[in-house]
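Asks: My questions concern the predicted model and sequence given below.
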Amino acid sequence: MRIEIVGAGPAGLYFAALMKRHDPAHEITIHERNPRDATWGFGVVFSDRALEFLRADDEELYQYLTPHLETWPEITIVHDHTRVPVAGNGFSSIGRLELLTLLYAYVERLGVKLRFGVEAESVEQLEPADLIVGANGAFSSIRAQHAEAFGTTVDWRPNRFIWWGTTKPFNSLTLTFRKTPDGVFCAHHYRYRPDRSTFLVEVTEATWMRAGFDRLGPEAAMRRCEQVFAPDLEGHPIISNNSQWRSFPAVWNARWSVGKVVLIGDALRTAHFSIGSGTRLAMEDAVALFKAFRDCGDVPEALARFQATRLPPMKKIWDAANASLRWYEEMDERVAATSPVEFAYSYMTRTGRVDHAEVRRRDPGLAAAYERLHPELAGGQ
Ligand SMILES: Cc1cc2nc3c(=O)[nH]c(=O)nc-3n(C[C@H](O)[C@H](O)[C@H](O)COP(=O)(O)OP(=O)(O)OC[C@H]3O[C@@H](n4cnc5c(N)ncnc54)[C@H](O)[C@@H]3O)c2cc1C
């Protein structure tokens, strides 16, 4: 098959690798607008057991990527100035650029063509092709060209966030919720290599306005956040990389393919960064699309199979991501109304996928502390 892929992010790269590895006769080209060595952002995290989701299907890639990950067995929730460690939430992380660089080398060894500095604006530009894959992220031009046919909806959420880094190497994935006169400032921070951490700051729209971030320039915004998080940064600076305030688009598509054009990764749906599953979902989409092609006779059948098999597991995580983003939209009220233990418990159970029994299993100490405040829960199974 002749396969044209737009976007050399995790979704496009991994789909190309799987298809080419299975059948070296496929002619696969990936078109990427950025130069090879450019990428926005700092590190990305994988929730749960690191890359375990890959292991069953792809031991080779699992072994290739795992040595490059930073991992921690627990997370820390900071309620204003009180730290609550929470066990049973494994996370791992890697620099986004490092992940992409490893995947570029991997697909090129397999014979996939990577074309950098190429802006793909329309499907017509990619012809002739047997399959066109829109793997070009949350603002996909391929999706936008056929938005009505895909049944695209984009729900812009009100919170504002900015993706920065810092030289402070944090020891666990930490979510710090600090009270200020303008409202709660939340930082999602975690080490992704020995001398660097991601430092993503999120605030509600009201806090953002009260803090004057609509008027402050980028340097002044960094200085303000360095002051708010001074006890956490311990003198380390916040680092920018074209960082800008944004709001989160919750993207969904009713139909995942139109003719021979299919969407995967963030182009297909976005999952709020607070559940640490965007990269994982993108790679799982790639696996599902590959398996559909491996098991089906032709393109229409494979694309129908892709949506039918991938929708149920993906929708569960998408729903959890949306519950999580709404929890962050109410963080000011929650920080004000709860003790540190109740707040950490609320964080743990925010998506509806973790109940009290599961909190007990993951972190018996947190469950016991919560039961002391809510004795009606003690004694249950
Ligand atoms: C602030 C923030 C924090 C995040 N944190 C995490 C995290 O901690 N953990 C996690 O797992 N995920 C995280 N994510 C999400 C993660 O980055 C994405 O979910 C993941 O990268 C999706 O992969 P993708 O391949 O679908 O798209 P992308 O990684 O977005 O790749 C798309 C590629 O397409 C290219 N492209 C776009 N348009 C064109 C065009 N017209 N022509 C050619 N090329 C084009 C882009 O340059 C890009 O390289 C975060 C996202 C944001 C915004």
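Replies: Nice, thanks for sending it over.
Asks: where's Arg215 relative to Ala221, distance?
Replies: 10 Å (C-beta to C-beta, to the nearest Å). No exception for glycine: its C-beta is placed from N, CA and C like everyone else's.
Asks: more crowded one of these two?
Replies: Ala221 (23 against 9; other C-beta atoms under 10 Å).
Asks: Return the backbone torsion pair for the more buried one.
Replies: phi -60, psi -40 (degrees, to the nearest 10).
Asks: In this structure it contacts Ile238, no?
Replies: No. The criterion here is C-beta atoms under 8 Å, and Ala221 misses it with Ile238 at 9.2 Å.
Asks: Neighbours of Ala147, how many?
Replies: Using other C-beta under 10 Å, Ala147 has 13 other residues around it.
Asks: What's the separation between it and Val112?
Replies: 28 Å.
Asks: swap in Gly134?
Replies: Using C-beta to C-beta, we find Gly134 at a distance of 17 Å from Val112.
Asks: Listing partners with orientation, what would you give for the host helix or strand of Val78?
Replies: Per DSSP states H and E: Val78 is located in strand 70-79. According to DSSP bridges, strand 70-79 forms sheet pairs with strand 82-95 (antiparallel), strand 173-180 (parallel).
Asks: Show me what counts as buried in the longest one.
Replies: To tie it back to what came earlier, the one meant is strand 82-95. 84, 86, 88-95 (16 or more other C-beta atoms under 10 Å).
Asks: So Pro128: helix, strand or coil?
Replies: Using DSSP: H, G, I helix; E, B strand; the rest coil, the structure places Pro128 in coil.
Asks: show me the contacts for it.
Replies: By C-beta atoms under 8 Å, 6 or more residues apart in numbering, Pro128 lies in contact with Arg2.
Asks: Could you measure from it over to the ligand?
Replies: Applying C-beta to the nearest ligand atom, to the nearest Å, the value for Pro128 to the ligand is 18 Å.
Asks: Just send the buried residues of strand 82-95 back as a markdown table, with distance to the ligand too.
Replies: Formatted as a markdown table, these follow (distance: C-beta to the nearest ligand atom, whole Å):
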| residue | distance to the ligand |
| --- | --- |
| Val84 | 21 |
| Val86 | 17 |
| Gly88 | 19 |
| Asn89 | 14 |
| Gly90 | 14 |
| Phe91 | 9 |
| Ser92 | 10 |
| Ser93 | 7 |
| Ile94 | 9 |
| Gly95 | 11 |
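Asks: List the contacts of the residue nearest in space to the middle of the chain.
Replies: Nearest to the mean C-alpha position of the chain, counting by C-alpha atoms, centre = their mean, stands Gly278 at 2.9 Å. Applying C-beta under 8 Å, 6+ apart to Gly278 gives the contacts 44, 266, 270-271.
Asks: with these in mind, which one is nearest to Gly379?
Replies: Closest approach between the contacts of Gly278 and Gly379, by C-beta to C-beta: Ala271, at 36.2 Å.
Asks: burial count for that closest one?
Replies: A count of nearby residues for Ala271, using other C-beta under 10 Å, gives 26.
Asks: Check the gap between the residue in the stretch 101-250 of the chain that the ligand sits nearest to and Glu284 for me.
Replies: Residue nearest to the ligand within the stretch 101-250 of the chain: Gly137 (3.0 Å; C-beta to the nearest ligand atom). Distance, Gly137 to Glu284, by C-beta to C-beta: 16 Å.
Asks: What of Phe161?
Replies: Using C-beta to C-beta, one gets 24 Å for the distance from Phe161 to Glu284.
Asks: what helix or strand is the spatially closest residue to Ala369 that is not a sequence neighbour on?
Replies: Excluding the flanking residues, the one nearest Ala369 by C-beta to C-beta, 6 or more residues apart in numbering is Val341, at 4.6 Å. Val341 belongs to helix 340-348 when elements are defined using DSSP H and E.
Asks: for whichever helix or strand comes after that helix, packing partners?
Replies: The helix or strand immediately downstream of helix 340-348 is helix 356-362, counting by DSSP H and E. Applying 3 or more C-beta pairs under 8 Å, 6 or more residues apart in numbering; DSSP states H and E, we find helix 356-362 packed against strand 82-95, helix 340-348, helix 364-373.
Asks: Just want the angle from the last one to helix 340-348.
Replies: Spelled out, it's helix 364-373. 120 degrees (axes from the mean of the first three to the mean of the last three C-alpha atoms, to 10 degrees).
Asks: what about helix 364-373, distance to the chain center?
Replies: 30 Å (C-alpha atoms, centre = their mean, to the nearest Å).
Asks: what comes up buried for that helix?
Replies: Under the neighbour-count criterion of 16+ other C-beta under 10 Å, helix 364-373 has 366-367, 369-371 buried.
Asks: residues in contact with the spatially closest residue to Gly12 that is not a sequence neighbour?
Replies: Leaving aside its chain neighbours, Gly12 sits nearest to Ala135 (3.2 Å; criterion: C-beta to C-beta, 6+ apart). Counting by C-beta under 8 Å, 6+ apart, Ala135 makes contact with 5-7, 9, 11-12, 15, 263-265, 267, 282.
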